[in-house]
Structure formats: C-alpha cells, structure tokens
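quick one, structure for this:
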Amino acid sequence: MSKFKGKRVLVVGFGLTGVAVAKYMTKQGAKVTITDLKQKSELMDSVNALGDLKTVEFELGKHNPKTFQTAELIVLSPGVPLNIKPLDEARAANVPIVSEIDLAAGSLKEPVIAVTGTNGKTTTTALIGEMFKADNKKAFVGGNIGQPLLNHVMEETTDDAVVAELSSFQLELTEKLIPALAVFTNIEEDHLDRYGDINAYTEAKKRLLRACDKKSFVVLNYDNPIVQSFAQENQGRLIWFTKKNPIDISGEFAEQFVGCYFNAKTKQIVAKIVGKEEIYDVSQFRLMGDHNKENLMAAICAARAMGVSQKAVQSVILSFRGISHRLEFIRKKDGVFFFNDSKGTNVMSLKRSLAAFSRINPIILIAGGKDKGMDFGPLVDLVAEKCKILILLGEAKEKINRSIGDYAETYLVGTFEEAVLLAYQKSRNGDIILLSPGCASYDMFRNYEERGDYFKKLVNQL
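Model prediction:
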C-alpha cells in the first residue's frame, strides 16, 4: 500500500511540475490540493493537462495559510521561493516540505546522471541523452529540461539511465537523491533576485555535490574557479574537463589527470576516462563558441564514465545540431542572419553568445526582459567590439542602457514586435540579428521558450 494513501498533500505551484506531482499523488491515493497565486484563467494549460482528475481540489489566485498548516505533506514547485510566509507557517506547524526531485529519487530504479550549472546544462544534458541513444541504450532525459522526473516514475518502465538537468531551485530541497554521476558545467552570477548573492546561489548548487557518495562520479570544470574549488569537498570519483592542456597546468596534475581536455593545436578533444587515451575529432562539431566545447567535454566525461561507447560518442559529435533557443539559426533574409538565443537568461550566457561570433559580421543585439539583479558591466568590451546596434526592451531596458548603452547605437523600445522590425530595418547585408536577452522572460512571456518561439514567428513573417 502507498505511504501517501489518504494523506492531505498540498502541491504549491501549478506548472509542469505541479501537474506531474498532482497526477502522481492522486495515483498514490492521496487527497490532493493545488495552490497557485495565478488565477485559473492564467493556468488553463495546466488545468487541461490534468485531464479528468475529479478528486483534485484547487485554491487558485491566492494561498490559504490554513491549508498550508493542516497539510500532511507539501510538495513545492521549483519556481516558488522557500521564504514565502505560508511556508514559514507550515514549518512552524511541522509540516514536511519536499521537492518533486526527491519524490522521484525515492522511486527511480536507474542510475541518475545529474547535470547542473549556471550555463550549458541543457546542451550538456541533451548531448548525454543523445550519446546513450546512439549506443542503443535507453535514457530518460528530463528534470529542468522537458518532462518532470515523476512522469518517468509513472511510466513504470526501467531505462539504462535517467539524465536529469537540475536547476538551483530544484536542488534547494533535495535530500534523497544520490546520483551515479554529477556534472557541474560552471557557476556564475544568476538568480540574484532570489538568492541575494553568489554565495547563497553556490550553496544551492553544492547540494548536488553533497548528495554524491564515494561511488558517484563527479565531473568538474577546471576552468571555472568556483567549480574547481568543489574538488576540496568532493567525496566521489573525480573527473575533470578543461580547455587547457593538463601538461601546461602542472606536471603532477597531468600525471593524475582523469577527464577531457581540448588540444588547441590539433583541434581535438583528448579524453582519459577509462584508462587509455582517446581522441575525438571535433572539426565537424556544429555548435558555435568555446563554451560549447566545454559542454561537449562534460558530456563525453559523463557518457564514457557511464559506459557509452567511444564510437557512439564520436557519432553524436558529428550529428548533434544543438537545442532550440540556444544560438539557434533561424533564417537568412536579404543577406542578414537571424539567431534565437532566448535561453540566454543571464549576463554570462549573453557574453558567451556574443563571443561565439567572429568580428567579421556586425551584430544587432536584442536584449532585455525581467532583471534578476545582475550587473551588465561585464558586457562592455564585447558590445563595443562586436555590436553595431543595441535594441533594448522589457523591465531591465533602462538598467542595461545605463551599463552598456554608450558602447553602441542604442534604441529603447516598448514591444517585441517593434524590436524585431527595427532590427530588420537597421540591418545591412552581412549583419547578424541576435536575440540574446540576458534576462528572464517573465515580464512579457510565460517562459524563454514562448519568447523564443514568438521571435522565430516574427522573423519568419518578415
């Protein structure tokens, strides 16, 4: 019999995660209530996704403190901050608060490959999933990308692995997850509106490191100072990736090196993960930018450590076309190239995207959205070097303008339609029009996917 049968379970937040939790808990025989500050009219996608679950109760448009205090279990969606008053009151009443990730972790039968970091985690997660597929191994790919992990639990099938992208929000309450392998792509400033400073944000990410045991593989980015420092606390089997040659770092490091590095002279990735040295040809790898070589190395480390064949890894290097909304080429019109980078939701992500383009093609950058408490100053040099025009919109447009508006011809606009049309009108043959907001989407859109899809629609209508 299910341990949740007859229990009063409150699901806080009614997005993809909330829907999955409600379905799972109903299946377990729990008495489910869903609460969200949004009105029902704003949540119709989720209401429809629940289907004909008649037993679920709704408290939408508000949070009722009494419901929080009388619940026997609260399952929190990742978008909901931990410090809202109703949760404080629930804690005072000793109501346990858990995450969807923890609920799933207790039921998953497969080894979990967990990928986190500020930037690159979606591409890395997708690459690992494709490498398993190319090796005729079944892997469920989900978490912060695609489907919640509970959807896989409810399928009641067993794959060779679960590859989970995990955000800092998803890791905040994680207690039960013990990953077979954890990847840390990088840690840079992000979500400062939620965490206040980078230390608190790093601590949330570090929960994944602390979840690893002695059997876990831990894949770390040597080139990122914060991630490199994780080695001091690591209990698992350490695997590095770096754009530097280990011999150049130190002789001792080179001798002990386990992982991947990029050989700049031969333009190859050298891997030493399962004993012997392996060479991967990346000359045909289609993803732009040095950051994508880092993502690729992280994926190779994970896949090879988990038994994916060298041949399968190389085939994915040749075939992988990238993911939607990540430096995604949309079209060429009148000699102008359009790129959708809507997933660039923080300053360092935007910086990497600008760095991925050569100086030959001037960039018209469309940026802005909901500010996450970030400093746009680090963009100054790249904007001055590569951008001929800035088109700024959304809540953060004035702040961005104060930081970098003096380094290119700059326009502040009110709507997305205006931004795209103005960019096209100002463009000339050979220009690149790049949507890379450096901000969250919530001031104008439900998520970065909706923003990117709308950009693509507007571009294709030109």
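
for the chain, which helix is longest?
helix 290-305 (DSSP state H).

which of the residues in it are buried?
291-305 (16 or more other Cβ atoms under 10 Å). Every residue, glycine included, has its C-beta placed from N, CA and C.

same thing with stretch 345-354?
Those would be T345, N346, V347, M348, S349, L350, K351, R352, S353, L354, for stretch 345-354 by 16+ other Cβ under 10 Å.

before we move on, what about stretch 72-79?
Buried residues in stretch 72-79 (16+ other Cβ under 10 Å): L73, I74, V75, L76, S77, P78, G79.

ditto for stretch 8-19
V9, L10, V11, V12, G13, F14, G15, L16, T17, G18, V19.

what does it contact?
21-22, 25, 30-36, 38, 43, 46, 49-50, 60, 63, 67-68, 70-80, 87, 100, 147-148 (Cβ atoms under 8 Å, 6 or more residues apart in numbering).

go with 6 Å
21-22, 25, 30-36, 43, 46, 49-50, 67, 71-77, 79-80, 100, 148 (Cβ atoms under 6 Å, 6 or more residues apart in numbering).

mind saving the C-alpha coords of it as PDB?
Taking C-alpha atoms only, stretch 8-19 is exported to PDB below (Å, rounded to 0.1, in the frame of the first residue of the first chain):
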ATOM      1  CA  ARG A   8      -3.500  15.500   2.700                       C
ATOM      2  CA  VAL A   9      -1.000  16.600   0.100                       C
ATOM      3  CA  LEU A  10      -0.600  20.300  -0.900                       C
ATOM      4  CA  VAL A  11       1.000  21.000  -4.200                       C
ATOM      5  CA  VAL A  12       2.400  24.500  -4.400                       C
ATOM      6  CA  GLY A  13       2.800  25.900  -7.900                       C
ATOM      7  CA  PHE A  14       0.800  24.700 -10.900                       C
ATOM      8  CA  GLY A  15       3.200  24.500 -13.800                       C
ATOM      9  CA  LEU A  16       4.600  21.300 -15.400                       C
ATOM     10  CA  THR A  17       6.000  20.100 -12.000                       C
ATOM     11  CA  GLY A  18       2.700  20.700 -10.200                       C
ATOM     12  CA  VAL A  19       0.800  18.800 -12.800                       C
END
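
so how far is that stretch from its chain's centroid?
21 Å (Cα atoms, centre = their mean, to the nearest Å).

mean confidence score for that stretch?
For stretch 8-19, the mean per-residue pLDDT is 95.

I391: which element?
I391 belongs to strand 387-392 when assigned by DSSP states H and E.

list the contacts of that strand.
362-368, 400-401, 408-412, 419, 422-423, 426.

ok so, going back, so which bits of the very next helix or strand once past the longest helix of the chain are buried?
Per DSSP H and E, the first helix or strand lying C-terminal to helix 290-305 is helix 310-319. Of the residues in helix 310-319, Q310, A312, V313, Q314, V316, I317 count as buried by neighbour count, 16+ other Cβ under 10 Å.

ok, the second one - contacts?
For A312, the set of contacting residues under the criterion of Cβ under 6 Å, 6+ apart consists of M131, A134, D135.

same check, this time on the last one
Going by Cβ under 6 Å, 6+ apart, I317 touches V282, F285.

what's the spacing between it and S309?
13 Å (Cβ to Cβ, to the nearest Å).

picking that back up, so how far is the strand holding I391 from its chain's centroid?
Computed by Cα atoms, centre = their mean, the chain-centroid distance of strand 387-392 equals 26 Å.

three-state assignment of the nearest residue to V141 once chain neighbours are set aside?
Distance criterion Cβ to Cβ, 6 or more residues apart in numbering; nearest residue to V141, sequence neighbours excluded, is G129 at 3.8 Å. Following DSSP: H, G, I helix; E, B strand; the rest coil, we place G129 in the helix state.

shouldn't G129 be in contact with A139?
Yes. G129 is within contact range of A139, at 5.2 Å (criterion: Cβ atoms under 6 Å).
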